[in-house]
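*Asks:* dropping the sequence and predicted coords here.
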Amino acid sequence: MPSIWCDAAESRAGRAVQGKEAIQNACRSQATPRPTEPWGPDRQSSGPTSADGDPLPAPPDDLGRMALMRTVEEHARIIAGLLEPTPSDSLPLAHTVGLVLAQDLVATIDLPPFANSAMDGYAVRAVDVTAPPVTLPVSQDIPAGRMDNQPLTPGTAARIMTGAPLPPGAEVIVPIERTDGGESAVRIDSAPAPGVHVRTRGEDVAAGTAVLAAGMVIGPAQVGVAAALGFAELVVRRPLRVLVLSTGTELVAPGQPLRPGQIYESNAPMLAAAMASVGATVTIEHFVPDDVDHLRAALAGAAADIDLIVTSGGVSAGAYEVVKDALTDQGVEFAKVAMQPGMPQGAGRFQGVPVVTLPGNPVSSYVSFEVFLRPAIRAAMGHPDVTRPIVRAPLSAPLNSPAGKRQFRRGQLDAVAGTVAAWGGPGSHLLSWLAGADCIIVIGDDVTYLEAGDDVEVWLLG
């Protein structure tokens, strides 16, 4: 059997990071040593801190200029440490899908709240249908929603609809298919045993029962049972509020004409969609000019009621890196991460608000979201499973990987052959190939070449 069909849950359980503390512990245990000297007196106020306000380990003195090389685990730990658990909030049912229940949902009524019919047919006493065929007068009609029905007169039948309350004295529901369908009198050709097709009160849920447990992720079925029990709202972990900041004077909104040297903005919509897909509430601040003062002003103005600011671009080692220039020595730490794509990264706090700065190439930006932000956001929102489903599959073709870097390659799974292949080249600008990928192939930083048939770790997208 191809190894792609290994138990994804078992694989995920061995690799998944469960909650912020587990993320930090798992990453800390895998990280290579890094400087741990405390911040000097002149840097204590601007150094990156955890969500609890504790200072994170400091880099060398050339903070912010890309001299530091981190492992993936180290950077994941730093980002996870920035985000506080979101508080609980009571939200309308329609707005809770994908969120995590913050407290047990305890039924205040029985479900169903009264005995009712599971079929369209006739409600009768068992003693009256012991020797079918038998013809009985129809004493009453009971549609769904009618609550003034009378006790069933012995020797009669009540015509009843699905979901209608069972009249007192009735013990059997005879489906209409087992009768002649009469209105004033009905011939019953055969009858089921007593209790068949009868939904008893509290059969599904008894009042006082904890129906949904805290920590459960709300989906359509959970919304359905909550509504059936009369709840209009659920107390859930509030969505993380994220601001996506788009910088660059060369950026143009999609749908507008391009001038020479301009490109359409894609990172902000892509990142906003990615974060919304994991339940975050996202706001986009469009087209902040490549100017340090403008960027700081935009960040300061947007910081209220925001849990996280995410930027893309302006973090590399070259000139005109406005994000890095604006946030260096402002509480945000910049570093290289030993990965491809997505090496230039930054994280910290600006005026107390967590900030994560991603590289500007679109594939680098999205891969960075998958590796760092997706698990951290889900953990902050209380999700029990923060990683993508993970399987292992053999490569269908050889693959190279850069030495000393963990590579995250776009891939496609062949479900028939049970293999995986790289999809497109490794270039971080190849956005169309990202759009066609259904997985990410993860190659360790100690691997430079893989043969066809070698097993690789695969993160399932979608």
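*Replies:* Nice, I can see it.

*Asks:* tell me the contacts of Val278?
*Replies:* Gly98, Arg374, Ile377, Arg378, Met381 (CB atoms under 8 Å, 6 or more residues apart in numbering). (Glycine included, C-beta is placed from N, CA and C.)

*Asks:* mind running it again at 10 Å?
*Replies:* Neighbouring residues of Val278 by CB atoms under 10 Å, 6 or more residues apart in numbering: Gly98, Pro239, Leu240, Phe369, Leu373, Arg374, Pro375, Ile377, Arg378, Met381, His383, Val386.

*Asks:* and for Glu370?
*Replies:* By CB under 10 Å, 6+ apart, the residues touching Glu370 are Ala274, Gly342, Thr387, Arg388, Phe408, Ile440, Trp459, Leu461.

*Asks:* where does it sit: helix, strand or coil?
*Replies:* Under DSSP: H, G, I helix; E, B strand; the rest coil, Glu370 falls in the helix class.

*Asks:* got the domain ranges for this structure?
*Replies:* As given by automatic domain parsing, the domain ranges for the chain are 17-86+239-380, 89-104+210-237, 116-199, 390-460.

*Asks:* I'd like the ones you listed as CSV, with distance to Asp110 and mean pLDDT appended.
*Replies:* Converted to CSV, those look like this (distance: least, CB to CB, whole Å; pLDDT from 0 to 100):
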stretch, distance to Asp110, mean pLDDT
domain 17-86+239-380, 32, 79
domain 89-104+210-237, 9, 97
domain 116-199, 11, 96
domain 390-460, 41, 95
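
*Asks:* mark which of the contacts of Val278 are buried, thanks.
*Replies:* Gly98, Pro239, Leu240, Phe369, Leu373, Arg374, Pro375, Ile377, Arg378, Met381, His383, Val386 (16 or more other CB atoms under 10 Å).

*Asks:* of those, just say which sits nearest to Ala304.
*Replies:* Set against Ala304, the nearest of the buried ones among the contacts of Val278 by CB to CB is Leu240 (15.3 Å).

*Asks:* identify the residues contacting the closest one.
*Replies:* Contact partners of Leu240, counting by CB under 10 Å, 6+ apart, are 83-86, 275, 278-282, 306-308, 354, 373, 376-378, 380-381.

*Asks:* make a ChimeraX selection of the buried ones in those.
*Replies:* Of those, the buried ones go into a single ChimeraX selection, burial set by 16+ other CB under 10 Å:
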select :83,85,86,275,278,279,280,282,306,307,308,354,373,376,377,378,380,381
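
*Asks:* which element is the nearest residue to Met270 once chain neighbours are set aside on?
*Replies:* Spatial nearest neighbour of Met270, excluding adjacent residues (CB to CB, 6 or more residues apart in numbering): Tyr366 at 6.1 Å. Under the criterion of DSSP states H and E, Tyr366 resides in helix 362-368.

*Asks:* again, but for Leu295
*Replies:* Secondary structure (DSSP H and E) places Leu295 in helix 292-302.

*Asks:* what lies in contact with that helix?
*Replies:* For helix 292-302, contacts defined as CB under 10 Å, 6+ apart pick out 243, 245-247, 283, 285, 287-289, 291, 306, 309, 311, 314, 322-328, 330, 332, 350-351, 353, 355.

*Asks:* go with 8 Å
*Replies:* Around helix 292-302, the neighbours that count as contacts under CB under 8 Å, 6+ apart are 243, 245, 247, 283, 285, 288-289, 309, 322-323, 325-326, 330, 350-351, 353, 355.

*Asks:* among these, name the buried ones.
*Replies:* Taking 16+ other CB under 10 Å as the criterion, what is buried in the contacts of helix 292-302 is 243, 245, 247, 285, 288, 309, 322-323, 325-326, 350, 353, 355.

*Asks:* now the two most distant members of those.
*Replies:* Farthest apart among the buried ones among the contacts of helix 292-302 by CB to CB are Leu243 and Asp325. That separation is 19.6 Å.

*Asks:* name the residues of stretch 105-117 that come out as buried.
*Replies:* Residues of stretch 105-117 classed as buried by neighbour count (16+ other CB under 10 Å): Leu105, Ala107, Asp110, Leu111, Pro112, Ala115, Asn116, Ser117.

*Asks:* which of those residues fall in strands?
*Replies:* Counting by DSSP state E, the buried residues of stretch 105-117 place Leu105, Asn116, Ser117 in strands.

*Asks:* from those residues, which is closest to Tyr264?
*Replies:* Checking these against Tyr264 by CB to CB gives Leu105 as the nearest, at 45.0 Å.
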